[in-house]
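Colleague: this one's sequence-less:
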């Protein structure tokens, strides 16, 4: 870890006051905003997330709002995913690619109506891509970043905590569906979603001035549930195979390489950006792909750069996320592996920052 | 300061090894990359910068490269600045705005030829805006981020150090001009430019693998010049009135508000993005504008959020950068002030994180 100098450019969030008061120990910067990474310790936060319930300041999931007659047309241009049957209360994970099929972001699209969408983004200024395209194509749609900051409630007791604050109707929200629910004299979109595999919700705070009221309401209601502040957990997300844009994939990678081929299913005749490139790659098959990988030996220090995966001295891939898993008693990792070496059971060498270890391709993530 | 968790997503640079070995004390994150903020201390780094020569890892100034028949056409669309007389060896500071006149970035454009440009960016993914526009408008131009990482040499002894490494011809490069100069078995574009007022150069490293060789060559050649690693210095840049995108201005601000009206001079008939909005604002005059501001009292802790500027209890502006200046024995600051209160000598209240202070609008920066 290093020291981080703060400035206005690294934006605080509507919940920063609560995050600081409850003892955040470290941050990363994500979409030019502060994202907590540790409260007690990565291992203690992991244990607590799997056993109880946590409140996460994920304001860094900034929204790109599309409003106007051409909003749906623009959405269809933006992603290879088939949006034809998407309902007004659905959330879709949507790869966004450029004309070469390179990943620009892997956000969640929240549909309000055909003419109003939010795109809840990973770490890149997708706003600029969407604004630039809309202007270049002369579309009748307004594209902007609204005052919306998601707060996640994650963990096995998430439904109980949410029901205490928003009422029992939260229990009826299905996975990747959303509903607008009352909070004090306002209301927020609440989705059954989140960047963990422990179950939970994301509350889309509209109007920053309600931030601390929402934060406090959740902590007040959850005292006997052992609610704590948390954040996306490195160990848990690797176990669950949740990819991180910028870590596990970049603009150099296609959705097929990222294992997102099932989301490249646009309806016949839909002309989305990257169509030719992706159709060619679907025909030939990807040359490399994301895999779950276990790394032998003691706990590794998580990578700050890609670790080469080697076979007989030749580079055949790389590991981009890795951490020791207390539950699975191995180092769990995410890597990109070339086709000749990606079968489960393949053993490779990984060049970690602390030396070479054995790495084994798994048949799936740790679920 | 807080702790920063590192990951591949926060990209290292070709010079990170040197930066770490020479004892960097803190970073910020800029364009999803690590930017040093402190070596000895902000005050000691400031003194040294003004007296000697420093080498700065400013790889975070990522390049957006435009190559192709429509490159110049796209450049003219992107900025209100008149590019008609720009020579092939010039650098121009170019505001980039959206259709509403909001600042998207304030980069330096480096012209190689009419059909090849670099845009050396401040902290936003300008690549996405340029790519999106080019695709949307169907322009014949390739837009990408090349393997180019600037290294700055700044301070009064910069010419002497640069001449020892690149030859005396560096002395002939005029301000905001560039020349391609030999280094070992390759060559780099070297510009007379940099984010300080102490004079110096920016070397555009092409091919990361030469990074440490260039770093070491500068330190080896400059031992008797007291060369040290450095970084953009908060105090010195405020004294010099060098704006920071994300700190002193955002997409909410127009170039006129930022005091960049002289760069909004496109030739008659040029249709750049934001033309209607800027012409309307030129006619009416901006409602607020950047000002140099001094803050009374002891040294302030630099702001991590905007500090309101108040007059009789009403908000009339904000301070976004501030630091104690040893040379001018006052707190120097950059702020945005409404028209009724922006005249030099106006005294306002500023709500710092440590209480209210008197703030006085200056007639210019500290040069």
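Modeller: That came through, no problem. A quick note: this is a predicted structure, and the numbers were derived from the prediction, not measured.

Colleague: count of residues packed around residue A:275?
Modeller: For residue A:275, the neighbour count with other Cβ atoms under 10 Å in any protein chain shown is 17. (Glycine included, C-beta is placed from N, CA and C.)

Colleague: so who does it touch?
Modeller: Applying Cβ atoms under 8 Å, 6 or more residues apart in numbering or on different chains to residue A:275 gives the contacts A:80, A:266.

Colleague: Phi, psi for it please.
Modeller: The phi and psi values for residue A:275, taken as degrees, to the nearest 10, are phi -60, psi -50.

Colleague: Repeat that for the one 4 residues further on.
Modeller: The phi/psi pair for residue A:279 (degrees, to the nearest 10) reads phi -60, psi -40.

Colleague: and the gap between it and residue A:338?
Modeller: Distance, residue A:279 to residue A:338, by Cβ to Cβ, to the nearest Å: 22 Å.

Colleague: likewise residue A:289?
Modeller: Distance check for residue A:289 against residue A:338: by Cβ to Cβ, it reads 9 Å.

Colleague: Neighbour count for these two, which is higher?
Modeller: Ranked by neighbour count (other Cβ under 10 Å), residue A:289 and residue A:338 place residue A:289 first, with 20 against 16.

Colleague: so the more buried one sits right up against residue A:256, yeah?
Modeller: Yes - Residue A:289 is within contact range of residue A:256, at 7.3 Å (criterion: Cβ atoms under 8 Å).

Colleague: tell me the SS of the residue of chain A found nearest chain B?
Modeller: Residue nearest to chain B within chain A (Cβ to the nearest Cβ): residue A:136, separated by 1.8 Å. At residue A:136 the chain is in helix, as set by DSSP: H, G, I helix; E, B strand; the rest coil.

Colleague: Contact partners for residue A:24?
Modeller: Here residue A:24 is in contact with A:36, A:38, A:39, A:229, B:2 (Cβ under 8 Å, 6+ apart).

Colleague: how does it look with 7 Å?
Modeller: A:36, A:39 (Cβ atoms under 7 Å, 6 or more residues apart in numbering or on different chains).

Colleague: Repeat that for the one 10 residues further on.
Modeller: For residue A:34, the contact set (Cβ under 7 Å, 6+ apart) comprises A:10, A:12, A:13, A:16, A:27.

Colleague: Could you check which helix or strand contains it?
Modeller: Here residue A:34, judged by DSSP states H and E, is contained in strand A:33-38.

Colleague: is any part of stretch A:317-331 close to chain B?
Modeller: Yes - using Cβ under 7 Å from any Cβ of the partner chain, we find that stretch A:317-331 touches chain B at residue A:320.

Colleague: Okay, buried residues for that stretch please.
Modeller: By neighbour count on 16 or more other Cβ atoms under 10 Å in any protein chain shown, the buried set for stretch A:317-331 is A:317, A:318, A:319, A:320, A:321, A:322, A:323, A:324, A:325, A:330, A:331.

Colleague: Same check on stretch A:297-307?
Modeller: Within stretch A:297-307, the residues that count as buried by 16+ other Cβ under 10 Å are A:300, A:302, A:303, A:304, A:306, A:307.

Colleague: Which ones among the residues you listed map onto strands?
Modeller: Using DSSP state E, the members of those that fall in strands are residue A:307.

Colleague: can you tell me which two in the buried residues of stretch A:297-307 are farthest apart?
Modeller: Greatest spacing in the buried residues of stretch A:297-307, by Cβ to Cβ: A:300 and A:306 (13.7 Å).

Colleague: those strands in the stretch 1-150 of chain A, which residues are they?
Modeller: Per DSSP state E, counting those that start in this stretch, the stretch 1-150 of chain A carries strands over the ranges A:2-4, A:26-30, A:33-38, A:54-57, A:63-67, A:91-93, A:96-97, A:103-105, A:108-113, A:116-120, A:142-144, A:148-154.
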